[in-house]
Structure formats: structure tokens, C-alpha cells
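**Q** I would like to see how this sequence folds:
(2 chains)
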Amino acid sequence: MKLWGRILWTLLSGSRGRRGVPQGWALNSWKPLSSLTGLLSAREVVSHWTQVFEQRGIPEAQESSEYIVAHVLGAKTFQSLRPVLWTKPLTPKQLQYIQELCSHRLQRMPVQYILGEWDFQGLSLKMEPPVFIPRPETEELVEWVLEEVAQRPTTVGAQGGPLILEVGCGSGAIALSLLNQLPESQVIAVDKGEAAVRLTHQNAQRLQLQDRIRIVPLDITSEGCWTHLLSWGPIDLVVSNPPYVFHKDMEQLAPEICSYEDLVALDGGEEGMDIITHILTLAPRLFNVSGSIFLEVDPRHPELVSSWLQSRPDLRLSLVAVRKDFCGRPRFLHVRKSAV
Amino acid sequence: VLLHRLVSAMSTWALLRFPAPLIRMCSGNWGLGLQEKPALLFPGMAATAVQVAGRKDYPALLPLNESELEEQFVKGHGPGGQATNKTSNCVVLKHVPSGIVVKCHQTRSVDQNRKIARKILQEKVDIFYNGENSRVHKEKLEAGRKKQAKKKRAKETLEKKKLLKELWEASQHVTEERTGADGVPGGFRE
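**A** Numbers count the residues shown, from 1 in each chain, chains lettered A, B, ... in the order given. Below is the predicted model:
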């Protein structure tokens, strides 16, 4: 029992902070080992790590703890675990693995990178730093595109379904969820980051969608890149979650983001508009008679985009709709090229 | 005509798809006074939020009216979107007229949790208002009845088999008696 106690003690202790001092459990209110008569259950472990995270100022202490423990036990969320597993004792191996994962969380690594995977629109995607982690709001962007496609069936090209261009595909979240729910569609996914191109490729293969996607390393701000994109024929739809953070806001980003994600995927320049304006300039060249652009943006952008489009009548684009995210913030834009 | 096409298009996508608030505007005269509650382009759409495909023998569950639902996400502080990394995807959904609340954290996707929460809430609301007549209750009864019927049939089959076996054994026994040890049919002894 004493040896077991010592093993437990080591396993449960948090990583040794930056100064090499064991932190979190030493002087806290956590129960002394002597009161631990038996083995630890999932619930107890979650509770323990929640406390450790809280003391170390780690955001989403309980959620992080739950996701990690659930993952080690083979489930996606704690709530979805078979109830019997909530109280069953964990094995030393499981405890060890949990401790390893939690030590990353203590270094502010995002949970999605710790688990190496995350879900988006019902798909399980591989996650890997520094490729941008899909945000929950972006699922609504996909929903909107799906609704619009359903109302306006397009039959460009021999294959039927829309030909979609995604700018800045990251992990492939948007591209792959569209492919998955639009069985006739094809997607050209571009990203200027090599790691993103690789990860999108891996996710496409995992999901067996590689036949309908072309993943192209491309910087859409580069001169003449549109000629390359036209080689697959006219595009029906452009969709993007482009870098849209205002440059001055970048320094306020949490350590989870700053220390682990590719900041190039976030920084949109002075008014967060740099990539957005490039996409809007590029799109009309890619469309046939008409076409739609769906963007995720900062809540300040609807007005800025509207003004900018008015200053560029040559593009023949108009902002036709703004949609709010689930927090009630204007988050998504639908810009359309007019036929006349 | 547009409304009709929109409605019919929406109903083919009806399974678990729900419209979100839309603000439509023309590029020309767009003032950016974003109202508190954006007017829906087609107000009628608000009514048909979720339709769960009906089974042949039962009608589809009553769709939930989005305007009667209150949804709570862990919104968190901060700007949201790219500027935040949130993993708290738990959805709490309340049906205001009945007061029923559903909490869903079954998946790591907010979108999926919203859909699942609606489905569960729809069933609970059905039970709440229809009690014994609710589809869930009827399905349970039906399942129970089917199970009983199956048990009954199985029992009957078993009994038949038993009877047949007994008859067969009895006939074997009679045949032995008839032939007897000396080969003379027993039934004809003097």
C-alpha cells in the first residue's frame, strides 16, 4: 500500500512548473494521501486535475480535465462515457497517460492539440500544431453554405455538384465537411502553409474524401495565382475563414493561441481586412456568370466590407446577407457577384 | 413563388436543419443600424425548426418552434471566433412554454450538440404534452407488445414441439408392446 501510495503521488503530481518546484498539490486543500484508501475513479481524477488547473490559472479547468480523462477512456466527452466507467478504478497506465496529457495542459497547450484530434460538423479531424484549430463558430459557416446550396442547385461541370474553392483550409475542416455533406461537390483547398496542406491531405485520406479534393499550396496574395486556380474550370462558390484578427488585437490573444497556433492564420493586418480584400478581388475572376463568397469575419467587418465593396464597383460584388453566430455577433458574410 | 421554393427546399433539408437569424440588405442603401432582433426574411420559417422523419405508422413529432426555445452556450468572455480557443461545447436548451431543459455534451462539436439537444427536447416535449399518446410512449408500448407476442409464439412453438415429441415417443412405445418379445403382436395374446 505504501509503494502504491508513492506511485500515485508521483503520477498525480502536476508537472514541475518553470522553477522546478512541484506545484498544484503541495499546499492545497487536496485530500492527503492517507485518506485515499483505494484506487481512483474517473470522476475523482477529473476532480483532482480540475483543481490543479484552477490553481495554476489554466482556463476551462474542468472541461480540459474532462476531455483528457474521457479521451484516455476512449470517449469523446465525459458525458458520453458509459456511466459505469465514471466510478470504475483507473489503471496505473491510464493514470500515467492522463498525467502526461495534463502536463501539456499546464503548459497551456490547447486541448485539441493535446488530444491530437477534434470534431467538426460530425467529422473527427486530426489536429497538429501549429495548424489552426477549427473554431465552433465556423460550423455555422458550413451550415449556411449548405442551406444556400440546397436552395440554389448548381450544375457547373460534368460532375454535377458545386465546385468550391476554400481559401486557407488549415486542417481541412470546412472543405471536408462540405464534401461530406454535398456528395456531388468538388473542392479546391488552398493554403500557404505547408503544414496545413499536409494536414488537410491526411484528414482527407482519413475520411476517404481525397478523390474529390485538390489541395494546393498557394498564397492568394501572390500575383497571378488566379490563373492556376482556373485550370479546374469556373468556380461556383468561394468559402473562407481567412485571418481576420486586427493586428493590434493580436497581442491580447491567449497563450493557447500565441504559443501554439500559426499566427499567420490569424493576423489580418491593420483592420483585419488584408486577406479578405484579396479574396474579394480574386473571386470575380474565378466565377462564371455569377458566384457566391461566404466568409467568416470579425464583428466589425460587415460595415468595413460593405464600404470597401462600394469603393470597388469594378468587382461587381455586393454584400447580400450578414449572419450572426450563436453568440449573437455578426460573424458571416455572403457576398455575391451580380449577373449584370 | 420564391417563398414556395424556399419552403419546399427547406423541407427536404428539414431533418435537423434550422434557420438562424438573417439580416438581408441591399448594397445600395444599407445603414448599419443592426437591430437588436433581426427581422427574419420569411417569418413563417421560424415555425418549422426541426422535423424528425415520421415512421410509417406514427405521425412525425411536432416540430419545435425556435422562438420558444432558449439556448445557452458557454459563451465565455472575449471576442469569440478566431481570437478565442474555447472547448466548452455544452449546450443547454430550454423549451420555455413547458419549462423542460435539456443539457447536451455528447460530442465535441457545438453544432452536433445543438442538433442532438433539439432531438431529445422534441421527444420530451412530446411526452410532456401528449403523455400516453406521445409517440415515445406509443413506441414503447408497441415494442412491449411485439416482445410479448414474440414470447407467446415462442412458447407455443415450444409446447407444440413438446407435444409432438411425446406423441412420437408414445407411438414408439406402442409399437414395442405390439411386437412383444416373441414376435407375436401383443395385442392379440390370448
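**Q** since we're on residue 142, how many residues are nearby?
**A** Here I'm looking at chain A. Residues within reach of A:V142, counting by other C-beta atoms under 10 Å in any protein chain shown, total 25. Backbone N, C-alpha and C define where each C-beta goes, glycine included.
**Q** my question was about chain B
**A** Residue neighbour count, defined by other C-beta under 10 Å, stands at 13 for B:E142.
**Q** helices or strands next to the top helix by length along chain B in the packing?
**A** Ranked by residue count under DSSP state H, the longest helix found in chain B is helix B:135-179. In terms of contacts (3 or more C-beta pairs under 8 Å, 6 or more residues apart in numbering or on different chains; DSSP states H and E), helix B:135-179 is packed against helix B:110-130.
**Q** list the buried ones in the helix it packs on?
**A** B:110-126 (16 or more other C-beta atoms under 10 Å in any protein chain shown).
**Q** Do you have the strands of chain A handy? List them.
**A** A:117-120, A:123-126, A:163-167, A:186-191, A:213-217, A:235-240, A:287-296, A:317-324, A:330-337 (DSSP state E).
**Q** Tell me the bridge partners for the closest residue in space to B:I120 that isn't next to it in sequence.
**A** Of all residues not flanking B:I120 in the chain, B:V102 sits nearest, at 5.0 Å (C-beta to C-beta, 6 or more residues apart in numbering or on different chains). Bridge pairing for B:V102 (DSSP bridges) gives the partners B:L93.
**Q** roughly how far apart are B:V102 and chain A?
**A** With distances taken as C-beta to the nearest C-beta, to the nearest Å, B:V102 is found 12 Å from chain A.
**Q** List the contacts of that residue.
**A** Taking C-beta atoms under 8 Å, 6 or more residues apart in numbering or on different chains as the definition of contact, the neighbours of B:V102 are B:V92, B:L93, B:K94, B:A117, B:I120, B:L121, B:K124.
**Q** Local confidence estimate at it?
**A** Confidence per residue is given as pLDDT, and for B:V102 that number is 95.
**Q** next one: the one 5 residues further on
**A** pLDDT, B:T107: 93.
**Q** From what I see, it and A:K76 are in contact.
**A** Yes - with contact defined as C-beta atoms under 8 Å, B:T107 counts as touching A:K76 (6.0 Å).
**Q** For A:L178, list the residues it contacts.
**A** A:V142, A:V145, A:L146, A:I164, A:E166, A:S185, A:V187, A:V239.
**Q** can you count the residues close to the residue lying closest to the third one once chain neighbours are set aside?
**A** What that stands for is A:L146. Across the structure, with C-beta to C-beta, 6+ apart as the measure, the residue nearest A:L146 apart from its sequence neighbours is A:Q181 (5.8 Å). As a burial measure, A:Q181 scores 16 neighbours (other C-beta under 10 Å).
**Q** my guess is A:Q181 contacts A:Q121, does it?
**A** Yes - using C-beta under 8 Å as the test, A:Q181 is close enough to A:Q121 to be in contact (7.4 Å).
**Q** Show me the common contact partners of the two, please.
**A** Taking C-beta under 8 Å, 6+ apart as the contact criterion, the common neighbours of A:Q181 and A:Q121 are A:V142.
**Q** Residue numbers of the stretch 101-250 of chain A in contact with chain B?
**A** Applying C-beta under 8 Å from any C-beta of the partner chain, we find that the stretch 101-250 of chain A lies next to chain B at A:110-112, A:118-122, A:132-133, A:135-137, A:139-140, A:143-144, A:146-147, A:150-151, A:241, A:243-245, A:249.
**Q** mind checking how far the residue nearest the centre of chain A is from A:E117?
**A** For chain A, the residue whose C-alpha lies nearest the mean C-alpha position (C-alpha atoms, centre = their mean) is A:P134; its distance is 1.2 Å. A:P134 sits 11 Å away from A:E117, taking C-beta to C-beta, to the nearest Å as the criterion.
**Q** between the two, what contacts are shared?
**A** Common neighbours of A:P134 and A:E117 (criterion: C-beta under 8 Å, 6+ apart): A:L125.
**Q** who does the strand or helix carrying B:Q72 touch, helix- and strand-wise?
**A** Secondary structure assigned from DSSP states H and E places B:Q72 in strand B:69-73. Helices and strands touching strand B:69-73, by 3+ C-beta pairs under 8 Å, 6+ apart, are strand B:91-95, helix B:110-130.
**Q** what's the closest of the ones you listed to A:D219?
**A** Proximity of the helices and strands packed on strand B:69-73 to A:D219 was assessed by C-beta to C-beta; the nearest stretch is helix B:110-130, lying at 30.3 Å.
**Q** Need the residues that contact that closest one.
**A** Applying C-beta under 8 Å, 6+ apart, the external contacts of helix B:110-130 come out as A:119, A:121-122, A:136, A:139-140, A:143, A:326, B:16, B:18, B:49-50, B:52, B:61-64, B:69, B:71, B:73, B:89-93, B:95, B:98, B:100, B:102-107, B:134-137.
**Q** can the helices and strands packed on strand B:69-73 go into JSON lines with extra columns for mean pLDDT?
**A** Shown next, in JSON lines, are the helices and strands packed on strand B:69-73 (pLDDT from 0 to 100):
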{"stretch": "strand B:91-95", "mean pLDDT": "93"}
{"stretch": "helix B:110-130", "mean pLDDT": "91"}
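**Q** Kindly reformat the ones you listed as JSON lines containing distance to A:M127.
**A** Written out in JSON lines, the entries for the helices and strands packed on strand B:69-73 read as follows (distance: least, C-beta to C-beta, whole Å):
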{"stretch": "strand B:91-95", "distance to A:M127": "22"}
{"stretch": "helix B:110-130", "distance to A:M127": "16"}
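**Q** Among the ones you listed, which comes closest to A:L39?
**A** Taking C-beta to C-beta as the criterion, helix B:110-130 is the member of the helices and strands packed on strand B:69-73 that comes nearest to A:L39, at 31.7 Å.
**Q** I'd like to check the angle between the closest one and helix B:135-179, please.
**A** If you take axes from the mean of the first three to the mean of the last three C-alpha atoms, to 10 degrees, helix B:110-130 sits at 80 degrees to helix B:135-179.
**Q** In the stretch 201-340 of chain A, what residue comes closest to chain B?
**A** Proximity of the stretch 201-340 of chain A to chain B (C-beta to the nearest C-beta) peaks at A:S318, 3.7 Å away.
**Q** hey, which helix or strand in chain B has the poorest pLDDT?
**A** Taking mean pLDDT, DSSP states H and E as the measure, the helices and strands of chain B show their lowest mean at strand B:22-24, namely a mean of 39.
**Q** hey, what's the residue of the stretch 201-340 of chain A closest to chain B bridged with?
**A** With DSSP bridges as the criterion, A:S318 is bridged to A:R336.
**Q** Next, see if stretch A:68-83 gets close to chain B.
**A** Yes - remark: stretch A:68-83 sits within contact range of chain B at A:K76, A:T77, A:F78, A:Q79, A:S80, by C-beta under 8 Å from any C-beta.
**Q** can you pull the contacts of the third one?
**A** The one in question is A:F78. Shown in contact with A:F78 (C-beta under 8 Å, 6+ apart): A:A42, A:V46, A:E66, A:Y67, A:V69, A:A70, A:W86, B:H105.
**Q** hey, what's the closest residue to A:L333 other than its chain neighbours bridged with?
**A** With C-beta to C-beta, 6+ apart as the measure, A:L295 is the residue that lies nearest to A:L333, at 4.7 Å, once sequence neighbours are left out. Beta-bridge pairing of A:L295, defined through DSSP bridges, involves A:S240, A:L333.
**Q** who's in contact with A:L295?
**A** Applying C-beta under 8 Å, 6+ apart, one finds that A:L295 lies in contact with A:L141, A:V239, A:S240, A:N241, A:P242, A:I276, A:I279, A:F332, A:L333, A:V335.
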